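*Asks:* just to be clear, the model below is a prediction. Sequence and coordinates:
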Amino acid sequence: MNLRPRAVNFDDVWSKLKETAEAIISLKPIERLTWDHNFSDIYFVCVSVPETQSRQLYNAVRDCLEIHTKELRRSLEDQTGDYLLSAYNREWSKYKQGAGYLHNLYCYLNKQLAKEKMDAESQHTFIADDSEGPFPHLGVGDLAFAIWKRELIIPLASKLVKHIIGLIQQIRKLEGTYSAINLADIRGAILSFVEVKFFRENCYFFIKGTRTNIFSIFKVNELFLNESFLGQQKSPFTLAGGNSVTEFYEEMFEKHFLEATENFYKSLTSEAFACLDCCPYMEAVIKTLDEERILAQRFLHHSTLPKIENLCYEVLVNEQLEKISLMCKDVVQGELLKDLKNMYILFKPLNNALPILLKEFENYIKNWEWNLMFHLLLILHNLLEILQICTQNSLKWLLKYFLAMENLQFPWIEQFNQLLIIEKIQNSLQKFLKN
């Protein structure tokens, strides 16, 4: 094939590219030959003479995606409840895969946009990542995600988020029945708030890796579009400019979810847990913590889990600390190991709670030392009473030790004096030695 730049009739070429783009974004099958021809057409549009038509092509793709997403929004706006959630997740699943394929089809256009941006940066010229501006540099995949966010997520967010939070609240209260499809739709819709910001990071790797071959680019796309990766990745990602990939997710969904979660925890303390004593209350809180962790791992982005745990400790433990700490002394001194373990689990994350448990444990150790010495002295006293034969020299050290005990500074010496144990032992020793 001759790759020499040539004049291109944009309208004729775009009529074929548009048909392919509409099929790809809807995840409809296309012929391999059509893909190859379109790939070549995109290249010749970008290198056309007398001037490149890449920006015109970019704008045409943007208009095509906007028309498609607006049609989807009109079809979803009339739906509510589970029907809206299921339809939204189904359309998003198709759209995000189609956006990945479309991004790869237009990879030469993406490279050209990236090159323009790097050239501008090398000349210390700032160019904003604005898909609507005259100098777009986001890439087709990022453009597709930005349009989905603007045309579908933001207009439908209030209905979607309200319904999702309501479903999670029902699951918490074990109300209703839910199929695997319902649960998958909840997770898919929630993660879409993160995924729409993730293609920008994907494009960043594409830009930095322009020297890599096309197969490595495909692997990067698959990695970042993979739902399990988004839900399980532990290290925080940031976008160009220092923005977090979860910023949009936090604003549109997480803050509303945490508000509902806090209200749910408060309702537990005032209703379900209100009549529980300390030990059953601790067991109920730990059970709730475990259930909330499972729920977060099942539905939410991993960044929400620590926030849920902190909220649970704050509302269910810290705000009820006075009630729980009343039993602290009884739990420690009674050596109630199960309750002691539960109390440690709940107190450990709170800086103001763990010292309460440690202080009671310290007091318990001191009392235990006193009790041990008390019983040892009683045993020694009984032994002295039954001794019949003993030389004076063999007991001099005992007499010297116990006669001097009154002068020692031990925290338990006053208790011994109150019980007259030392005096009794001293008298017994003196009486025994005289005999």
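*Replies:* That came through fine.
*Asks:* next, the nearest residue to residue 54 once chain neighbours are set aside: phi, psi?
*Replies:* Using Cβ to Cβ, 6 or more residues apart in numbering and skipping the chain neighbours, the partner closest in space to residue 54 is residue 46 (4.5 Å). All C-beta atoms are positioned from the backbone trio N, CA, C, and that covers glycine. Main-chain torsions, residue 46, degrees, to the nearest 10: phi -70, psi -30.
*Asks:* wait, residue 46 touches residue 113, no?
*Replies:* No: Residue 46 is not in contact with residue 113 according to Cβ atoms under 8 Å; the separation is 9.6 Å.
*Asks:* with neighbour numbers in mind, choose between those two.
*Replies:* Neighbour count, other Cβ atoms under 10 Å: between residue 46 and residue 113, residue 113 has more, with 25 against 21.
*Asks:* after the host helix or strand of that one, which helix or strand is next?
*Replies:* Element membership of residue 113 [criterion: DSSP states H and E] is helix 107-122. The helix or strand immediately downstream of helix 107-122 is helix 140-148, counting by DSSP H and E.
*Asks:* and stretch 10-22, average pLDDT?
*Replies:* If you average the pLDDT over stretch 10-22, you get 93.
*Asks:* could you shift the numbering so residue one becomes 553, and keep it that way?
*Replies:* Okay, residue one is now 553; in that scheme the one you just asked about reads as stretch 562-574.
*Asks:* helices or strands up against the helix or strand encompassing residue 883?
*Replies:* Element membership for residue 883, per DSSP H and E: helix 880-885. The contact analysis (3 or more Cβ pairs under 8 Å, 6 or more residues apart in numbering; DSSP states H and E) places helix 880-885 against helix 889-899, helix 906-938.
*Asks:* which of those comes out lowest on mean pLDDT?
*Replies:* Mean pLDDT per stretch puts helix 906-938 lowest among the helices and strands packed on helix 880-885, at a mean of 68.
*Asks:* the spatially closest residue to residue 572 that is not a sequence neighbour in helix, strand or coil?
*Replies:* Among residues not flanking residue 572 along the chain, residue 590 sits closest, at 4.9 Å (Cβ to Cβ, 6+ apart). Put simply, residue 590 is helix when judged by DSSP: H, G, I helix; E, B strand; the rest coil.
*Asks:* that older thread, what distance do you get for the residue nearest to residue 606 to residue 604?
*Replies:* Separation of residue 598 from residue 604 (Cβ to Cβ, to the nearest Å) stands at 6 Å.
*Asks:* likewise residue 709?
*Replies:* 38 Å.
*Asks:* all helices of the stretch 753-902 of the chain, in order?
*Replies:* For the stretch 753-902 of the chain, the helices defined by DSSP state H, counting those that start in this stretch occupy 766-777, 779-784, 799-801, 807-819, 830-851, 857-868, 873-877, 880-885, 889-899.
*Asks:* residue contacts, residue 819?
*Replies:* For residue 819, no contacting residues are found, by Cβ atoms under 8 Å, 6 or more residues apart in numbering.
*Asks:* can you rerun that using 10 Å?
*Replies:* By Cβ atoms under 10 Å, 6 or more residues apart in numbering, the contact list for residue 819 reads 725, 825, 826.
*Asks:* who touches both of residue 598 and residue 604?
*Replies:* Common neighbours of residue 598 and residue 604 (Cβ under 10 Å, 6+ apart) are 557, 560, 664.
*Asks:* orientation of the helix or strand where residue 639 lies relative to helix 692-700 in degrees?
*Replies:* Assigned by DSSP H and E, residue 639 falls within helix 633-657. Orientation of helix 633-657 against helix 692-700 (axes from the mean of the first three to the mean of the last three Cα atoms, to 10 degrees) gives an angle of 150 degrees.
*Asks:* any common contacting residues for residue 598 and residue 665?
*Replies:* Common neighbours of residue 598 and residue 665 (criterion: Cβ under 10 Å, 6+ apart): 606, 607, 610, 658.
*Asks:* highest neighbour count among those residues?
*Replies:* Within these, most neighbours by other Cβ under 10 Å means residue 658, with 26 neighbours.
*Asks:* that one against residue 598, yeah?
*Replies:* Yes: assessed by Cβ atoms under 10 Å, residue 658 is found in contact with residue 598 at 9.3 Å.
*Asks:* give me the common contacts of the two.
*Replies:* Residues touching both residue 658 and residue 598 (Cβ under 10 Å, 6+ apart): 606, 609, 610, 664, 665.
*Asks:* pLDDT wise, what is residue 553 at?
*Replies:* Note for residue 553: predicted pLDDT of 61.
*Asks:* thinking again about what came up before, pLDDT (mean, whole number) over the helix holding residue 639?
*Replies:* 93.
*Asks:* ok, stretch 837-853 next?
*Replies:* The pLDDT scores in stretch 837-853 average 93.
*Asks:* okay, buried residues for it please.
*Replies:* Buried residues in stretch 837-853, counted by 16 or more other Cβ atoms under 10 Å: 837, 840, 841, 844, 847, 848, 851, 852, 853.
*Asks:* and the closest residue to the third one other than its chain neighbours, how close does it get to residue 718?
*Replies:* If the residues on either side of it in the chain are set aside, residue 841 comes closest to residue 864, at 5.6 Å by Cβ to Cβ, 6+ apart. Taking Cβ to Cβ as the criterion, residue 864 is separated from residue 718 by 20 Å.
*Asks:* which residue of those two possesses the greater neighbour count?
*Replies:* With neighbours defined as other Cβ under 10 Å, residue 864 and residue 718 compare such that residue 864 has more, 23 against 12.
*Asks:* thought that one was touching residue 839?
*Replies:* No: in this structure, residue 864 is not within contact of residue 839 by Cβ under 10 Å, at 11.3 Å.
*Asks:* run through the neighbouring helices and strands of the host helix or strand of residue 706.
*Replies:* Secondary structure assigned from DSSP H and E places residue 706 in helix 706-724. Counting contacts by 3 or more Cβ pairs under 10 Å, 6 or more residues apart in numbering; DSSP states H and E, helix 706-724 packs against helix 606-629, helix 633-657, helix 732-747, helix 807-819, helix 830-851.
*Asks:* list the buried residues in it.
*Replies:* Those would be 708, 709, 711, 712, 713, 715, 716, 717, 719, 720, 723, 724, for helix 706-724 by 16+ other Cβ under 10 Å.
*Asks:* C-alpha coordinates for it, CSV please?
*Replies:* Output in CSV follows, covering the C-alpha atoms of helix 706-724 (Å, rounded to 0.1, in the frame of the first residue of the first chain):
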residue,chain,number,x,y,z
ILE,A,706,-24.8,13.6,35.4
PRO,A,707,-28.4,13.8,34.2
LEU,A,708,-29.3,10.4,35.6
ALA,A,709,-27.2,10.4,38.7
SER,A,710,-29.9,11.6,41.1
LYS,A,711,-32.3,8.7,40.2
LEU,A,712,-29.5,6.1,39.9
VAL,A,713,-27.8,7.0,43.2
LYS,A,714,-31.0,7.2,45.1
HIS,A,715,-32.2,3.8,43.9
ILE,A,716,-28.8,2.1,44.4
ILE,A,717,-28.6,3.4,48.0
GLY,A,718,-32.1,2.3,48.6
LEU,A,719,-31.3,-1.2,47.4
ILE,A,720,-28.2,-1.4,49.6
GLN,A,721,-30.2,-0.3,52.6
GLN,A,722,-32.7,-3.1,51.9
ILE,A,723,-29.9,-5.6,51.6
ARG,A,724,-28.6,-4.4,55.0
